[in-house]
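Novice: model this:
(one chain, ligands or ions: 1)
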Amino acid sequence: MNIFLKIARLLYSKIKYFGGILLWTPIYLRFYIKSHRQFFDIFTHLTKKERLLLYKLVLSLPNKAIVVEIGSYLGASTVFLASAIKDRDGHIYCVDTWSNEAMSEGKRDTFDEFLKNTGSMKDFITPLKGYSVEVAKTFNKGIDLLFIDGDHSYEATKSDVENWVPKVKDCGIIIFHDIGWAEGVKRVVNEFKSKFQYRRTHCG
Ligand SMILES: C[S@@+](CC[C@H](N)C(=O)[O-])C[C@H]1O[C@@H](n2cnc3c(N)ncnc32)[C@H](O)[C@@H]1O
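Specialist: Predicted coordinates:
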């Protein structure tokens, strides 16, 4: 019994490993061939896989897609979203105070670094400077993909959901970062799960 369990575990780990390679290699290659390799050097807390996943998801959007990112920081996630949105002839709106709001390293002005890091993609990016709740009041486009990575407290995440999710198009994509460890984000996603579930089944 024990030996069967060991073999099954070994097989599972191999399948997972090679499955991962098969799944991620094409997207890595595409990104490298497009000469975007330098974007991996921008400082961020996102893993490489997470950044590539953003890239991959935006590539799956329809032409002329609209992406909104709440929390752009130094632009690391932005350039991955923008590299794909460029191929979709779409546009990304970045919402941030760029004053390092709610970040553990403390307040500082990050806007110049954001502009420098995202400069090569600037035709596809519009920065919307301000608190996400305030910016939401004047934003009136339908969103194809919403990436929420701002203030991770329960209150702030809830208000991002309440103010921005209604602007997401039917069958649009909503992504939360740090759902694994940020208690506030986890709680909000659990509370809103039934709605998200509905969207998923409804969209097939
Ligand atoms: C975790 S960082 C974003 C990381 C970024 N996505 C990346 O790729 O590295 C969070 C960002 O959200 C911004 N932020 C925090 N609270 C905000 C709020 N209420 N409105 C707008 N931006 C906010 C911060 O200034 C910071 O730049």
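
Novice: run the chain-centre distance for the longest helix seen in the chain.
Specialist: The longest helix of the chain (DSSP state H) is helix 2-33. Put simply, helix 2-33 sits 24 Å off its chain's centre (CA atoms, centre = their mean, to the nearest Å).

Novice: again, but for stretch 42-53
Specialist: 9 Å.

Novice: for the ligand, what are the nearby residues on the chain?
Specialist: Contact residues, the chain versus the ligand (CB under 6 Å from any ligand atom): 44-46, 71-73, 76-77, 95-97, 99-103, 110, 131-132, 149-151, 156. Quick note: C-beta positions are derived from backbone N, CA and C, even for glycine.

Novice: ok, of the residues you listed, which come out buried?
Specialist: Neighbour counting by 16 or more other CB atoms under 10 Å classes 44, 46, 71-73, 76-77, 95-97, 100-101, 110, 132, 149-151, 156 among those as buried.

Novice: residue nearest the middle of the chain, spatially speaking?
Specialist: When the chain is reduced to its mean C-alpha position, the closest residue under CA atoms, centre = their mean turns out to be Phe147, at 4.2 Å.

Novice: quick one, what contacts that one?
Specialist: Contact partners of Phe147, counting by CB atoms under 8 Å, 6 or more residues apart in numbering, are 54, 67-70, 77, 81, 175, 177.

Novice: just these: which are in strands?
Specialist: In this view, the contacts of Phe147 that belong to strands under DSSP state E are 67-70, 175.

Novice: any chance of those residues in CSV with neighbour count, distance to Thr25 and pLDDT as columns?
Specialist: Listed next are these as CSV, based on neighbours: other CB atoms under 10 Å; distance: CB to CB, whole Å; pLDDT from 0 to 100:
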residue, neighbour count, distance to Thr25, pLDDT
Val67, 28, 25, 98
Val68, 26, 30, 98
Glu69, 28, 26, 98
Ile70, 24, 31, 98
Ile175, 17, 22, 95
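
Novice: relative to Ile85, which of these is nearest.
Specialist: Val67 (5.7 Å; CB to CB).

Novice: what bridges to that closest one?
Specialist: With DSSP bridges as the criterion, Val67 is bridged to Ile92, Leu145.

Novice: what comes up buried for stretch 47-66?
Specialist: Judged by neighbour count using 16+ other CB under 10 Å, the buried positions of stretch 47-66 are 50-58, 61, 65-66.

Novice: can you check stretch 151-163 too?
Specialist: For stretch 151-163, a neighbour-count test (16+ other CB under 10 Å) marks 151-154, 156-161, 163 as buried.

Novice: re earlier: list the buried residues in the longest helix of the chain.
Specialist: Judged by neighbour count (16+ other CB under 10 Å), helix 2-33 contains these buried residues: 27, 30-31.
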